[in-house]
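S.K.: please find the sequence and the predicted model below.
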Amino acid sequence: MENSGAQEAKPPSELINERIEELGDWRGEMLSRIRALMKQAEPEVVEEWKWRGVPVWSHAGIVCTGETYKNVVKMTFAKGASLEDPSGLFNSSLEGNVRRAIDFHEGDKIDEEALKELIRAAVALNVSSTAQKRRRAPRSGATPSKRPS
């Protein structure tokens, strides 16, 4: 089987660096700023490169993506519909039952503290969901305990 390309051999952080540089305009600057805020809010976040070129940040599951389009940088939170958004950052994908997004346009200012709080809330939701799944999962080889009558 032939290797699908040298890009897949590179670490995701390097691919994200290349995307930022390749954009070379306000979108690259915005993606870079979002990335920095993500790392400030959650130092243990893992950077991934999925779906043929989308930066993804994960911690106990996907936190959000950083998609770039011609006129917008979109930060899509995988479980955004389950998050409180007291600052009203979500402005896109509002009709769905799961995801929510923030569209950043050229010249937009980021409410950095509010965004970091949203990131922390998304990580906390992922961590609590993972913990709940672990508590519910049967242990391998374990037999159900009998309740006293």
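M.R.: Yes, it's here. Numbering: from 1, shown residues only.
S.K.: contacting residues for L83?
M.R.: Neighbour list for L83: F77, R100, L118, A121, A122, L125 [criterion: Cβ atoms under 8 Å, 6 or more residues apart in numbering]. Every C-beta, even on glycine, is put in place using the N, C-alpha and C of the backbone.
S.K.: quick one, what contacts the third one?
M.R.: To tie it back to what came earlier, the one meant is L118. F77, L83, D85, S87, L89.
S.K.: at 7 Å instead, please
M.R.: Going by Cβ atoms under 7 Å, 6 or more residues apart in numbering, L118 touches L83, D85, L89.
S.K.: before we move on, back to that, now intersect the contacts of L83 with the strands, please.
M.R.: Residues of these located in strands (DSSP state E): F77, R100.
S.K.: between the contacts of L83, which is nearest A41?
M.R.: Checking those against A41 by Cβ to Cβ gives L118 as the nearest, at 8.3 Å.
S.K.: pull up the per-residue confidence for the closest one.
M.R.: pLDDT for L118: 97.
S.K.: for the one 3 residues further on, same thing?
M.R.: Note on A121: pLDDT of 97.
S.K.: over to the one 4 residues further on?
M.R.: With respect to pLDDT, L125 scores 96.
S.K.: correct me if wrong: it contacts S82.
M.R.: Yes: taking contacts as Cβ atoms under 7 Å, L125 lies within contact range of S82: 6.0 Å.
S.K.: the two: which is more packed in?
M.R.: L125 (19 against 15; other Cβ atoms under 10 Å).
S.K.: E14 versus the more buried one, what's the distance?
M.R.: The gap separating L125 from E14 is 29 Å, by Cβ to Cβ, to the nearest Å.
S.K.: for E29, grab the count of nearby residues.
M.R.: 14.
S.K.: before we move on, back to that, which neighbours do L125 and S82 share?
M.R.: When Cβ under 7 Å, 6+ apart defines a contact, no residue borders L125 and S82 alike.
S.K.: residues contacting the most centrally placed residue in the chain?
M.R.: What sits nearest the mean C-alpha location of the chain, by Cα atoms, centre = their mean, is C64, with 1.7 Å. Contacts for C64 (Cβ under 7 Å, 6+ apart) come out as W57, M75, T76, F77, A78, A122.
S.K.: and the pLDDT at P138?
M.R.: 60.
S.K.: can you pull out the helices in this structure?
M.R.: With helices called from DSSP state H, the chain shows them at 12-23, 26-41, 112-136.
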